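>>> give me a 3D structure for the following:
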Amino acid sequence: MFDSGSNLNHRIGSGYEWITHKQIGWYKDISKLLTEDNNGIPLLSLAFFHIPLPEYNEVWNYHTCYGHNYEGMGCPKVNSGLFTAFLEMDDVKGVFVGHDHINDFCGELHGIKLCYGRATGYNSYGKEGFPRGARIIRLEEGEHSFKSWIRLEDGTKIINQEEHAPEHVWKRI
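Presented below is the predicted three-dimensional model:
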């Protein structure tokens, strides 16, 4: 888990806080120790924090995702490199965030799943016709993967979310 902070008022203007280099250094140190203790094999890891990484924009805009994006991503204006650290350490295979309460999509970028939860409580905003629920994560012992789905407040289990194909297509020039 990372403390992704909150709002900030910085020389670049207002917006959302980013994961700091000090936090990234801590993660990399711990990841190295755990990998060494596991005979040099990275442990399957999942990351949890509140504010989404800028890479959430990339995965939604340029890759197939599953689920909804009703409000866009409230990401920091600065990309501090946490996602790159995840790629370098090769242990984090899933990132889970909240912040944007009426988003619940999941997509994959460079082998890492980037997922939103779903509005779970009643002390925050929601959307008419978008029932509250939670993202469930299932780990199986001995497997280097995980499964995830949405469970709505009425008990409905949503395994196959609506597919979102990217609107932008990269063209070779």
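>>> for the longest helix anywhere in the chain, which positions count as buried?
Among the segments of the chain that qualify as a helix by DSSP state H, the longest is helix 21-37. Using 16 or more other CB atoms under 10 Å as the test for burial, helix 21-37 gives 23-24, 27, 31, 35. C-beta here means a position set from N, CA and C on the backbone, and glycine is covered the same way.
>>> cool, and stretch 38-55?
42, 45-47, 49-55.
>>> I figured Pro76 hits Ile51, correct?
Yes. With contacts counted by CB atoms under 8 Å, Pro76 reaches Ile51, the gap being 6.6 Å.
>>> who touches both of these two?
Any residue near both Pro76 and Ile51 by CB atoms under 8 Å, 6 or more residues apart in numbering counts here, and that gives 16-18.
>>> highest neighbour count among those?
Per-residue neighbour counts (other CB atoms under 10 Å) across those peak at Trp18, which has 23 neighbours.
>>> check contacts around it.
Listed by CB under 8 Å, 6+ apart, the contact partners of Trp18 are 4-5, 51, 76, 78-80.
>>> hang on, the earlier thing: how about the buried residues of helix 21-37 in a markdown table, adding pLDDT and distance to Arg132?
Shown next, in a markdown table, are these (pLDDT from 0 to 100; distance: CB to CB, whole Å):
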| residue | pLDDT | distance to Arg132 |
| --- | --- | --- |
| Gln23 | 94 | 30 |
| Ile24 | 96 | 33 |
| Tyr27 | 97 | 31 |
| Ser31 | 98 | 34 |
| Thr35 | 97 | 38 |
